[in-house]
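[1] please find the sequence and the predicted model below.
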Amino acid sequence: MMAFLGTVLVGLVVGLIARAIKPGDDKMGWIMTILLGVLGALAASYIGRSMGYYQPGEAAGWIASVIGAIVLLVIYDLVRRKN
């Protein structure tokens, strides 16, 4: 249970930082912000492992997680504008 709450808290912080850094109006609620942060961290971990920066089982750092979340936020905006 504590690991889940930690993941939610980290996801929220990473998502809020990514939304603050990326310019533009990102209208999304708390749950989407948490999901953005968690998925950004997962993406950063996966890409970092494939490039040899992280060992298996090692999580990405804060900066990589925020960068991953910003990339996902840009992709989200591009998909949202097309519709």
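    That came in fine, so what should we check first? Residues are numbered from 1 along each chain as shown.
[2] drop to CA atoms for contacts and neighbour counts, all remaining ones
    OK.
[3] for Gly57, give its distance to Met51.
    Using CA to CA, to the nearest Å, Gly57 is found at 14 Å from Met51.
[4] Gly15 now?
    Taking CA to CA, one finds Gly15 at 24 Å from Met51.
[5] so those two - more neighbours on which side?
    Gly15 (30 against 9; other CA atoms under 10 Å).
[6] list the buried residues in whatever helix or strand that one lives in.
    According to DSSP states H and E, Gly15 maps onto helix 2-21. Within helix 2-21, the residues that qualify as buried are Thr7, Val8, Val10, Gly11, Leu12, Val13, Val14, Gly15, Leu16, Ile17, Ala18, Arg19, counting by 16 or more other CA atoms under 10 Å.
[7] which elements pack onto it?
    With contacts taken as 3 or more CA pairs under 8 Å, 6 or more residues apart in numbering; DSSP states H and E, helix 2-21 sits against helix 30-50, helix 62-82.
[8] identify, out of the ones you listed, the most deeply packed stretch.
    Comparing the helices and strands packed on helix 2-21 by mean neighbour count (mean count of other CA atoms under 10 Å), helix 30-50 ranks first with a mean of 21.
[9] nearest to Ser65, of the buried residues of helix 2-21?
    Nearest to Ser65 among the buried residues of helix 2-21, counting by CA to CA, is Val14 at 6.7 Å.
[10] against Val74, how distant is the nearest residue to that closest one once chain neighbours are set aside?
    In this structure, Val14 finds its nearest non-sequential neighbour in Gly37, 4.8 Å apart by CA to CA, 6 or more residues apart in numbering. Computed as CA to CA, the Gly37 to Val74 distance reads 13 Å.
[11] next one: Lys82
    Lys82 is 13 Å from Val74, by CA to CA.
[12] do the same with Ile63
    17 Å.
[13] low-confidence stretches in the chain?
    Along the chain, segments meeting pLDDT under 70 span 83.
[14] let's see it at 80
    Applying pLDDT under 80 to the chain flags the ranges 1, 3, 24-26, 57, 59, 82-83.
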